[in-house]
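# for reference, the sequence and a predicted model appear below.
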Amino acid sequence: MSARPGGTGPEDEWAEIVSGLEDVRRAGDRHLAGPRDWSPEEAVFGGAPAGADDAREDVEDDDAPYSPDPGPVTQGLSRGALLSWTVLIGVPVLVLVLGLMPGSLPWWAIVAGLVAVVGAIAHLLTSLPEDRDDLDDGARV
């Protein structure tokens with residue numbers, strides 16, 4: 001390659017660029033550090049913040065999996081709906097367990113259980129929404 005008219009060639013320009021990078025080499029190869037090897041305080045203030053030793057010890061705790069509290073299981077259910085579902089599931093199970101015991105089940109227990117189940121079904125059916133959006137495909141997140 002030919003030299004430029006000013007007397008400097010591409011090799012000389014490259015050597016000048018590389019010599020200007022000496023301060024980057026002296027920075028201790030910070031570009032090789034991972035994301036957890038530095039903190040914003042170190043980058044801004046040039047040193048470790050107060051209590052940095054305590055923060056380094058807590059790193060193990062940060063690696064624990066996070067599982068948020070799901071909240072109450074009955075979230076979104078009204079009291080009537082919760083009572084209806086409890087009666088709808090509980091009464092047949094109770095009648096079945098009592099029916100397996102020795103002796104006969106009183107007629108009033110069977111009638112009360114039947115009335116409770118029918119009432120729970122009626123409450124759940126009447127609490128269903130009556131209007132439906134034509135564009136709603138039923139999938140909700």
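Everything's here; your move.
# now Gly99. Nearest residue, chain neighbours left out?
Leu105 (5.5 Å; CB to CB, 6 or more residues apart in numbering). C-beta coordinates here come from the backbone N, C-alpha and C atoms, glycine included.
# ok, the one you found touching Val95?
Yes: applying CB atoms under 8 Å as the test, Leu105 and Val95 come out as touching, 7.3 Å apart.
# neighbours around Leu94, how many?
14 (other CB atoms under 10 Å).
# could you report the pLDDT at it?
Note for Leu94: predicted pLDDT of 91.
# make sure it is actually in contact with Gly113.
Yes: taking CB under 8 Å as the definition, Leu94 is a contact partner of Gly113 at 7.1 Å.
# where does the chain dip in pLDDT?
1-7, 22-64, 74, 140-141 (pLDDT under 70).
# now do the SS call for Val111.
Three-state call for Val111 (DSSP: H, G, I helix; E, B strand; the rest coil): helix.
# in the chain, spot the helix with the most residues.
In the chain, ranked by residue count with DSSP state H as the criterion, the top helix is helix 79-100.
# please name the nearest non-neighbouring residue to Ala81.
Spatial nearest neighbour of Ala81, excluding adjacent residues (CB to CB, 6+ apart): Ser127 at 6.1 Å.
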